[in-house]
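Engineer: only geometry, no sequence info:
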Ligand SMILES: [Zn+2]
C-alpha cells in the first residue's frame, strides 16, 4: 500500500496586522484557497483571530510559509 498524500497543504504563520505579533501557525490547503478565490473573490486571509497582545480579535495575515 502506498502512502496517501494529503494534498498541497502549506504551513503559514499568522501575524496580527496591528501589533505584528505572531500568534498562530496554521496550515491550509492551497487548492481550497484557490477555489475560494475563484468562487467568492475572497481568500482565507486576512482572517479574524484573537490576539493575545491586543486582547481582542484582530485581522491576521498569513506570512511566509514555515517549515
Ligand atoms: Zn495584536
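Structural biologist: Received it, and whenever you're ready, just let me know what you need. Treat the numbers as computed from the prediction; the structure is a model and nothing was measured. Residues are numbered from 1 along each chain as shown.
Engineer: tell me which parts of this protein are close to the ion?
Structural biologist: Within the chain, the positions near the ion by C-beta under 5 Å from the ion are 16, 18, 19, 21, 51, 53, 54, 58. Using the backbone N, CA and C atoms, a C-beta is placed for each residue, glycine as well.
Engineer: thought the fourth one was touching residue 55?
Structural biologist: Meaning residue 21. No: between residue 21 and residue 55 there is no contact under C-beta atoms under 8 Å: 11.1 Å.
Engineer: Tell me which of these two has more neighbours.
Structural biologist: residue 21 (16 against 8; other C-beta atoms under 10 Å).
Engineer: Where does the spatially closest residue to residue 56 that is not a sequence neighbour fall, secondary structure wise?
Structural biologist: Of all residues not flanking residue 56 in the chain, residue 50 sits nearest, at 7.2 Å (C-beta to C-beta, 6 or more residues apart in numbering). Element membership of residue 50, judged by DSSP states H and E, is strand 47-51.
Engineer: Could you do residue 36 as well?
Structural biologist: Going by DSSP H and E, residue 36 is in helix 30-40.
Engineer: Report the rounded mean pLDDT for that helix.
Structural biologist: The average pLDDT within helix 30-40 is 81.
Engineer: Likewise for stretch 51-66?
Structural biologist: 86.
Engineer: Flag every buried residue along it.
Structural biologist: 51, 58, 60, 62 (16 or more other C-beta atoms under 10 Å).
Engineer: Look through this structure and tell me its longest strand.
Structural biologist: Using DSSP state E to define each element, the chain has its longest strand at strand 56-65.
Engineer: Residues contacting that one, please?
Structural biologist: 10-19, 22-24, 26, 28, 44-51 (C-beta atoms under 8 Å, 6 or more residues apart in numbering).
Engineer: who's in contact with residue 24?
Structural biologist: Residue 24 touches 13, 14, 49, 60, counting by C-beta under 8 Å, 6+ apart.
Engineer: distance between the ends of stretch 39-59?
Structural biologist: For stretch 39-59, the first-to-last residue distance is 22 Å (C-alpha to C-alpha, to the nearest Å).
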